[in-house]
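[1] My questions are about this predicted structure, shown below with the sequence.
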Amino acid sequence: MEKVTLRIPATSANLGPGFDSIGCALSLYNTLTFERQPSGVSIDGCPKEFRTPENLAAVAYNKALSELGIPFGGVKITIRADVPVSRGLGSSAAMIVGGVTAAGLLNDRPLSKEEILKISLTLENHPDNLAPAIYGGLTASITEDGVPYTLPYRIHEKWHFTALIPDFKLSTETARACLPTSYSRADAVYNISHTSVLLKALEEGDETVLRIAAKDRLHEQYRSHLIKDYEAIKAAAKSLDAAFYLSGAGPTLMYISGRAVAEELSKVLDGKTEADWKIFPLDIDRDGTMILN
């Protein structure tokens with residue numbers, strides 16, 4: 001194969017109390033085309049600052065070749081990135097998964113989903129975004145002795161995801177620096193129990209239980225001060241009877257509801273926020289990474 005185009009979905013991780021473990025693929029995509037060339041790396045279709053060998057898609061491509069024992073022979077990458085960068089929607093995971101997947105395909109060594117996840121994990125050390133980007137849908141993941149394990153969960157068709165994406169970025173490094181180094185037993189038990197119930201509520205379509213189970217004590221309260229308008233948007237979720245959580249490391253804030261709320265939400269928040277927030281109604285992506293051609 002000389003050329004391949006992949007579509008990789010956005011992902012929303014840390015889903016409620018599922019810190020570093022649960023994620024869901026959503027209908028916002030990066031589309032990456034990889035094409036053999038005689039030597040070097042060339043990148044097109046993205047802002048100039050990302051057209052370097054340090055682009056995560058290129059880094060992941062090279063990493064996969066190294067893991068497979070294949071000499072690097074040069075690649076051209078054309079990027080259409082609709083997943084916003086540094087917004088808590090898995091933009092890094094999408095690039096990494098795309099690069100690893102393409103390396104196998106262009107070199108006649110197609111990788112299984114399990115192999116793609118394992119190699120990708122060497123570049124992003126938690127699987128909560130990587131797994132749904134690969135498999136699609138709702139996934140729960142663990143890593144044991146450096147080996148990732150992922151299981152899919154059924155997610156009810158009724159759910160509407162609404163992403164509120166602001167006009168400012170928040171790096172994962174900054175967001176992680178806010179977290180404590182240890183937690184109380186009460187907070188640990190709170191998240192364990194809420195995670196168990198959350199997964200069942202997502203499966204069965206139970207809106208009342210989901211609003212309660214989506215609450216977190218391990219990361220959200222420590223990061224909320226980094227996000228303008230957090231309290232106003234959280235309050236709006238309650239008025240709309242939607243479950244609320246911080247997507248990934250933020251700053252995107254997410255609602256899950258049994259009905260479409262985007263239009264109503266725009267009215268509720270009118271004049272109440274400092275930043276410029278774009279409201280995106282999103283469907284669940286159930287396919288994960290797709291080969292387009």
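    Arrived safely, thanks for sending.
[2] can you pull the pLDDT of residue 152?
    You'll see residue 152 listed with a pLDDT of 96.
[3] What is the neighbour count of it?
    15 (other C-beta atoms under 10 Å). Just so you know, the C-beta spots here come from the backbone N, C-alpha and C atoms, and that holds for glycine as well.
[4] same question, residue 260
    Per other C-beta under 10 Å, the neighbour tally for residue 260 reads 11.
[5] again with residue 157
    9.
[6] check contacts around it.
    Shown in contact with residue 157 (C-beta atoms under 8 Å, 6 or more residues apart in numbering): residue 205.
[7] Let's see that with 6 Å instead.
    Shown in contact with residue 157 (C-beta atoms under 6 Å, 6 or more residues apart in numbering): no residues.
[8] cool, and residue 1?
    105-106.
[9] how much space between it and residue 293?
    Look at residue 1 and residue 293: by C-beta to C-beta, to the nearest Å, they are 10 Å apart.
[10] Look at the residue of the chain most remote from its centre and tell me its secondary structure.
    In the chain, counting by C-alpha atoms, centre = their mean, residue 38 sits farthest out from the average C-alpha position, at 33.2 Å. Classification of residue 38 using DSSP: H, G, I helix; E, B strand; the rest coil returns coil.
[11] Now it. Nearest residue, chain neighbours left out?
    Excluding the flanking residues, the one nearest residue 38 by C-beta to C-beta, 6 or more residues apart in numbering is residue 74, at 5.3 Å.
[12] Tell me, how many residues neighbour the one you found?
    A total of 12 residues lie near residue 74 under the criterion other C-beta under 10 Å.
[13] That one contacts residue 41, doesn't it?
    No. Residue 74 is beyond contact range of residue 41, at 7.2 Å (criterion: C-beta atoms under 6 Å).
[14] Please spell out which residues along the longest helix anywhere in the chain are buried.
    Looking across the chain with DSSP state H, the single longest helix is helix 185-204. Across helix 185-204, burial judged by 16 or more other C-beta atoms under 10 Å covers 187, 190-191, 194-195, 197-199, 201-202.
[15] Tell me which two of those residues sit farthest apart.
    Pairwise distances across the buried residues of helix 185-204 (C-beta to C-beta) peak at 22.0 Å, for the pair 187 and 202.
[16] all helices of the chain, in order?
    Under DSSP H, the chain gives helices at 56-68, 91-106, 113-121, 130-135, 172-177, 185-204, 207-213, 220-223, 230-239, 262-269.
[17] For residue 7, find the nearest of those helices.
    helix 91-106 (8.8 Å).
[18] I'd like the distance from stretch 149-156 to the chain centre, please.
    From the chain centre to the centre of stretch 149-156 is a distance of 15 Å (C-alpha atoms, centre = their mean, to the nearest Å).
[19] Tabulate the CA atom coordinates of it in CSV.
    Taking C-alpha atoms only, stretch 149-156 is exported to CSV below (Å, rounded to 0.1, in the frame of the first residue of the first chain):
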residue,chain,number,x,y,z
TYR,A,149,-6.6,-4.1,28.6
THR,A,150,-9.8,-2.6,27.1
LEU,A,151,-13.4,-3.7,27.3
PRO,A,152,-16.3,-2.1,25.4
TYR,A,153,-19.5,-1.1,27.2
ARG,A,154,-22.9,-0.8,25.5
ILE,A,155,-24.2,2.7,25.5
HIS,A,156,-27.8,3.5,25.1
